[in-house]
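Visitor: Model the following, please.
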Amino acid sequence: MDCPKCKGFMELERFSDFFLVFYAWKCFNCGAIIDRTIAENRRKSLDAKIVRTDKVEAEVSDAVGTTVATV
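Guide: The predicted model follows:
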């Protein structure tokens, strides 16, 4: 897997807390860590940006299509 931040090599690593053990991808170069929760949140954030961008483009195309008279 390639790191989304620096395009470096990532390995699957085991992380543990007092009560929780989980696996995540860690980059050898920059140290970025991506687990399931981080990946899901980024995906949701990107989906929201795409929807918002589509709405703005639709509003702009509607505004461009209408003629506004100024006096």
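Visitor: show me where this structure has helices.
Guide: Ranges of helices in the chain, per DSSP state H, are 36-65.
Visitor: what's the domain layout of it?
Guide: For the chain, automatic domain parsing gives the domain ranges 1-34, 36-65.
Visitor: Let's check: the centremost residue of this protein is which one?
Guide: Geometric centre of the chain, nearest residue: Arg42, 3.2 Å, by CA atoms, centre = their mean.
Visitor: who touches it in this structure?
Guide: Not one residue lies near Arg42 by CB atoms under 8 Å, 6 or more residues apart in numbering. Quick note: C-beta positions are derived from backbone N, CA and C, even for glycine.
Visitor: Just the pLDDT at it, thanks.
Guide: pLDDT, Arg42: 87.
Visitor: What separation is there between it and Ser16?
Guide: 23 Å (CB to CB, to the nearest Å).
Visitor: Likewise for Ala32?
Guide: With CB to CB as the criterion, Ala32 and Ser16 are 19 Å apart.
Visitor: Counting neighbours around each, name which of these two comes out higher.
Guide: More crowded of Ala32 and Ser16, by other CB atoms under 10 Å: Ala32, with 17 against 8.
Visitor: What residue, apart from its backbone neighbours, is nearest that one spatially?
Guide: Using CB to CB, 6 or more residues apart in numbering and skipping the chain neighbours, the partner closest in space to Ala32 is Lys5 (4.7 Å).
Visitor: What number of residues are in the vicinity of that neighbour?
Guide: Neighbour number of Lys5 under other CB under 10 Å is 13.
Visitor: repeat for Cys30
Guide: Every residue meeting other CB under 10 Å relative to Cys30 is counted, giving 13.
Visitor: got the contact list for it?
Guide: Cys3, Lys5, Cys6, Gly8.
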